[in-house]
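Asks: Here is a sequence together with a model predicted from it:
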Amino acid sequence: MKISVIGSGYVGLVTGTGFVKLGNEVIFVDVDERKVEMINNAQPPIYEEGLEELMKQFKGKYHATKDYRKAILNSDVTFICVGTPSREDGSIDLTYVKQVAKELGKALREKKNYHVVVVKSTVLPGTTEEIVKPILENYSDKKAFQDFGLAMNPEFLREGIALSDFLNPDRIVIGVQDERAKRVLEELYAPINAPKLFTDIKTAEMIKYASNAFLATKISFANEIGNICKKLGIDSWKVFEGVGLDHRISPHFFRTGIGWGGSCFPKDTRALIRKAEELGEEPLILKAVVEVNERQPLKLIELLKKHIPELKGKTIGVLGLAFKPDTDDVRETRAHVVVKKLLEEEARVIAYDPQAMENFKRFYPDVGENIEYASSGEEVLNRSDAVLIVTEWSEFEELDYSGKIVIDGRRVRKAEETAKVYEGVCW
Ligand code: UDX
């Protein structure tokens, strides 16, 4: 099939490249000239495991352009994969989705054959039908579900293993209301062996929010229990090993520590809270989930102060700045909260991350420009009075922590075994 993918960020790029691997032809559309050029040179503009290899292998089966019209006219299905960031007040910013819908509508006006528009961007329930559909219909002068297909297909891609999540998903959720569009999407996803759940459009939108909110809840719940365990001298990781053996619960997403960050959980939980409030609901659990997560990184500093009560003038090492290992992404990273607090306490900070130092400096200039960066984990250990582990990069497992005060936010076993003073946040 011929597919156009609008938005060549991490979701668009992974989805498009995944479809290429499944035997389709893909046109990526992006407003950013640099990204378009890079993709056309088989160079992924983001770091994602296995992506570059696939892009090199299938060069010629895809290309990128800034021209919406051409891309839409030359494809049968369009996936909208643009970002839906948070506004200052936590509500969702639909500027990009609306812009794309407008361009799509204009192109659809000229289109002779049947076309399916699929929203993959994370949007609140009701958005596809109440916002995207009218824009498409106005600009195309055509009727959705009749003259063109409209569907919602959320992504469940974890950064770092996004390609493998695309090709071997736990499930595929497709919100679709007309038979013709349903058949197109069934055919498109036929090569993937996974349960396929067909729902109406709003339900598909809600499944994405409910999934992310539940995973965030699971982690915050584990952290709350973990904090109690810590006071009682109980190992929370053992506790959740035991809890997770119950098949109704599952062992995943119970890793206690300094909490969750990234491009999805914080943004999506906030947007769902705002939506609930708008509807006159009081989302008590969701609010607590966020609050527990906001407090969690500060536990690292509390523990540090048990060993070094006065941080002023001390050099504190920070291992890891990315929001999780194997990515250079620093969005809503717990490292930001930790480093900010250290600087407030007038500590000197020396940090190291294998991938994310540049991004950290650029994304958080308020703190990123006021710390020193080391060229390795060893250097951080050698030059600091105490070390905080913020991201569990596998190379931090190899370091020799002997003689050091280590406060561990992610449970790096080697640190636990070799540090002179070891404190884990929840264990
Ligand atoms: C998440 C969802 O997993 C994915 O389905 C969705 O499409 C996008 O959001 P991602 O943000 O890439 O993916 O990362 P994920 O691996 O889910 O981790 C999110 C955060 O939770 C990280 O900061 C991680 O360190 C933290 N986490 C995860 C924990 O603290 N404990 C856990 O047990 C699991």
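Replies: Thanks, I have the structure now.

Asks: For the stretch 151-300 of the chain, which residues are neighbours of the ligand?
Replies: 155-159, 212, 215, 219, 253-255, 257, 259-265 (Cβ under 6 Å from any ligand atom). From N, CA and C alone the C-beta is placed, and that goes for glycine too.

Asks: The residues you listed in helices, which ones?
Replies: Using DSSP state H, the members of those that fall within helices are Asn212, Leu215, Ile219, Phe265.

Asks: In space, what's closest to the third one - neighbours in sequence excluded?
Replies: Leaving aside its chain neighbours, Ile219 sits nearest to Trp260 (5.2 Å; criterion: Cβ to Cβ, 6 or more residues apart in numbering).

Asks: Could you do the last one as well?
Replies: Nearest residue to Phe265, sequence neighbours excluded (Cβ to Cβ, 6+ apart): Ala216, at 4.5 Å.

Asks: Can you give me the neighbour number for that neighbour?
Replies: Ala216: 25 surrounding residues under other Cβ atoms under 10 Å.

Asks: do Val243 as well
Replies: 15.

Asks: Check which helices and strands the strand or helix carrying Thr203 sits against.
Replies: Using DSSP states H and E, Thr203 sits in helix 201-232. Under the contact criterion of 3 or more Cβ pairs under 8 Å, 6 or more residues apart in numbering; DSSP states H and E, helix 201-232 touches strand 149-152, strand 172-176, helix 236-244, helix 265-278, helix 284-307.

Asks: quick one: that helix to helix 236-244, angle?
Replies: Here helix 201-232 runs at an angle of 130 degrees relative to helix 236-244 (axes from the mean of the first three to the mean of the last three Cα atoms, to 10 degrees).

Asks: buried set for helix 201-232?
Replies: Of all the residues in helix 201-232, those buried under the rule 16 or more other Cβ atoms under 10 Å are 201-202, 204-209, 211-213, 215-227, 229-230.

Asks: With stretch 185-195 instead?
Replies: Leu185, Leu188, Tyr189.

Asks: ok, how many other residues are close to the residue in the stretch 301-427 of the chain that the ligand sits nearest to?
Replies: The nearest approach of the stretch 301-427 of the chain to the ligand comes at Lys324, 4.1 Å away (Cβ to the nearest ligand atom). As a burial measure, Lys324 scores 19 neighbours (other Cβ under 10 Å).

Asks: Reduced to three states, what does it come out as?
Replies: When classified by DSSP: H, G, I helix; E, B strand; the rest coil, Lys324 comes out as coil.

Asks: So which of the helices and strands packed on helix 201-232 is the most surrounded?
Replies: Among the helices and strands packed on helix 201-232, judged by mean count of other Cβ atoms under 10 Å, the one packed with the most neighbours on average is strand 149-152 (a mean of 26).

Asks: Can you name the next helix or strand after that strand?
Replies: Assigned by DSSP H and E, the successor of strand 149-152 is helix 162-167.

Asks: contacting residues around Val412?
Replies: By Cβ atoms under 8 Å, 6 or more residues apart in numbering, the contact set of Val412 is Ile389, Glu392, Phe396, Glu397.

Asks: typo on my end, it should be Pro195
Replies: With contact taken as Cβ under 8 Å, 6+ apart, Pro195 is in contact with Asp170, Arg171, Ile172.

Asks: same check, this time on Leu185
Replies: Neighbouring residues of Leu185 by Cβ under 8 Å, 6+ apart: Val77, Val116, Val118, Ala151, Asn153, Ile174, Val176.

Asks: repeat for Gly83
Replies: Gly83 makes contact with Gly7, Gly9, Tyr96, Ser121 under the criterion Cβ under 8 Å, 6+ apart.

Asks: Three-state assignment for it, please.
Replies: Under three-state DSSP, Gly83 comes out as coil.

Asks: Which pLDDT does the model give it?
Replies: Listed pLDDT for Gly83 reads 95.

Asks: just the one 3 residues further on next, same as before
Replies: pLDDT for Ser86: 89.

Asks: partners of it in the sheet?
Replies: Note on Ser86: beta-bridge partners by DSSP bridges are Ile92.
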